[in-house]
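In: Fold the following, please.
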Amino acid sequence: EGDVARSSVRAAIDEGYRHIDTAAIYGNEAGVGQGIRESGVDRKDLFVTTKLWNAEHGYHSTLKAFDVSMDKLKLDYLDLYLIHWPNPPQFRDRWQQVNAETWKAMEELYQSGRVRAIGISNFRVHHMEALLKTAQVKPMVNQIRLCPGDTQDEVVDFSRSHGMVLEAYSPLGLGRIFEVPEVVALARRYGRSVAQICIRWSLQRGYLPLPKSVTPSRIAENAKVFDFELSEADVALLAGMAGVCGYSSDPDKTNF
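Out: Below you'll find the model as predicted:
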């Protein structure tokens, strides 16, 4: 993981990417940090995100987990810190209270300047409503699974109504989108790759897509999405392909 993460981050930064997204559970924070240092790009020109893992929810655990992540990344500050999932099994009977304590720690990290922005991931509307009851600082981002056919409109609308940026993970539907004949045909019609079509779709829907790749040629290709536009009809077509890439996991039923 370490070497793959390091070389992928280097390749991405060399191609002009400036937003690097990782998480404690990915097991690659050290490699990501190394890739950032080796890139030679000024730290202030990069936007680095990591995420708090499920086992570390709670006030003190969050502060400790943050220190561990920062030690691995070897960065002075983080641009964005996210709660990775809202309702892990071990806190299922009291997730509202534990999220409130976790968020208090995140707010302190934000106020101290060690984190420039704080947010959430995989939160549905009822999780956000509960968090907003005690939050002093509103989450600035909700990072959720968004891809053609899985648009989570209710979550998106609620997040936006509270000023959150929507980050789209798995914008290629975990690779399943490459098997959808209509999307392959669409890509052919635009003279683009399927990945480029999906990333462009994400941007036109107002999401911030986070495509994952470890292949330098694909990393380069995924960035070339600013010189064409999908028609409104095609954006709607892709949005309406219900379930072609499956649906996001229900955070109240996950077993991790």
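
In: C-alpha only now, for contacts and for neighbours.
Out: Will do.

In: mind listing the helices in this protein by residue range?
Out: 2-14, 29-39, 59-73, 95-112, 125-132, 153-161, 181-190, 194-204, 216-222, 232-239 (DSSP state H).

In: Only the C-alpha atoms, please, for the first one, written as PDB.
Out: Okay, so that is helix 2-14. Below are the C-alpha coordinates for helix 2-14, written out as PDB (Å, rounded to 0.1, in the frame of the first residue of the first chain):
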ATOM      1  CA  GLY A   2       2.700   2.500   1.000                       C
ATOM      2  CA  ASP A   3       4.600   2.400  -2.300                       C
ATOM      3  CA  VAL A   4       1.500   2.300  -4.400                       C
ATOM      4  CA  ALA A   5       0.100   5.300  -2.500                       C
ATOM      5  CA  ARG A   6       3.400   7.200  -2.700                       C
ATOM      6  CA  SER A   7       3.800   6.700  -6.500                       C
ATOM      7  CA  SER A   8       0.100   7.300  -7.200                       C
ATOM      8  CA  VAL A   9       0.100  10.600  -5.300                       C
ATOM      9  CA  ARG A  10       3.300  11.600  -7.100                       C
ATOM     10  CA  ALA A  11       1.800  10.800 -10.500                       C
ATOM     11  CA  ALA A  12      -1.400  12.700  -9.600                       C
ATOM     12  CA  ILE A  13       0.500  15.800  -8.400                       C
ATOM     13  CA  ASP A  14       2.700  15.700 -11.500                       C
END
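
In: Quick one: work out the angle between it and helix 29-39.
Out: Here helix 2-14 runs at 40 degrees with respect to helix 29-39, directions being taken by axes from the mean of the first three to the mean of the last three Cα atoms, to 10 degrees.

In: Tell me the buried residues in helix 2-14?
Out: 2, 5-14 (16 or more other Cα atoms under 10 Å).

In: ok, back up a step: among the helices of the chain, single out whichever gets nearest to residue 79.
Out: Smallest distance to residue 79 across the helices of the chain (Cα to Cα): 9.6 Å, for helix 95-112.

In: Mean confidence (pLDDT) on the closest one, please.
Out: Throughout helix 95-112, pLDDT has a mean value of 98.
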